[in-house]
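Colleague: just need the structure, nothing else, for what follows:
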Amino acid sequence: MKKYEDCIAACQRCLIECQNCLIQMSGQHSKNDCPKCCFLCIDACIACMKFLISEGPFAKEYCSLCAYVCQWCAEQCGQHNHQHCIDCANACVKCMEECQKIAMA
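Modeller: The predicted structure follows:
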């Protein structure tokens, strides 16, 4: 599990920032897929962390999918000027990068 620590930490941070963004955007109008992307990104990060922690046989595949979801979420949240959206987009980019490292290994 040690080899996955950076990715697990990035997934945790992404999950936290997505959860915060989701809460902050609750009831607000959005012209794109924010906060829907945050909801799905949280699920992707949870699933990815579970496979990384257990060193499951499909960890690379889950990392690949998580990277795609994080990229989408970063693109959506990155279109907003709210600080919580900016923080979310940044965390998503970091998680995407860490997941891609494992997916490509």
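
Colleague: next, count neighbours for residue 18.
Modeller: 32 (other C-beta atoms under 10 Å). C-betas here are computed from N, CA, C, even on glycine.

Colleague: quick check, pLDDT for it.
Modeller: pLDDT recorded at residue 18 is 98.

Colleague: can you tell me the closest non-neighbouring residue to it?
Modeller: residue 38 (4.1 Å; C-beta to C-beta, 6 or more residues apart in numbering).

Colleague: element containing that neighbour, please.
Modeller: In the assignment (DSSP states H and E), residue 38 maps to helix 36-53.

Colleague: helices of this protein, start to end?
Modeller: With DSSP state H as the definition, the chain shows helices at residue ranges 5-25, 36-53, 59-77, 83-104.

Colleague: what's the angle between the last one and helix 36-53?
Modeller: Using axes from the mean of the first three to the mean of the last three C-alpha atoms, to 10 degrees, the interaxial angle of helix 83-104 with respect to helix 36-53 works out to 40 degrees.

Colleague: format the CA atom coordinates belonging to the helix holding residue 38 as CSV.
Modeller: Below are the C-alpha coordinates for helix 36-53, written out as CSV (Å, rounded to 0.1, in the frame of the first residue of the first chain):
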residue,chain,number,x,y,z
LYS,A,36,-23.1,17.1,-10.5
CYS,A,37,-19.5,16.4,-11.3
CYS,A,38,-18.5,16.7,-7.7
PHE,A,39,-21.1,14.1,-6.7
LEU,A,40,-19.7,11.6,-9.2
CYS,A,41,-16.1,12.5,-8.5
ILE,A,42,-16.6,11.7,-4.8
ASP,A,43,-17.8,8.3,-5.8
ALA,A,44,-14.9,7.8,-8.1
CYS,A,45,-12.4,8.7,-5.5
ILE,A,46,-14.0,6.4,-2.9
ALA,A,47,-13.9,3.5,-5.2
CYS,A,48,-10.4,4.2,-6.3
MET,A,49,-9.1,4.5,-2.7
LYS,A,50,-10.8,1.2,-1.8
PHE,A,51,-8.9,-0.6,-4.6
LEU,A,52,-5.7,1.1,-3.8
ILE,A,53,-5.9,0.4,0.0
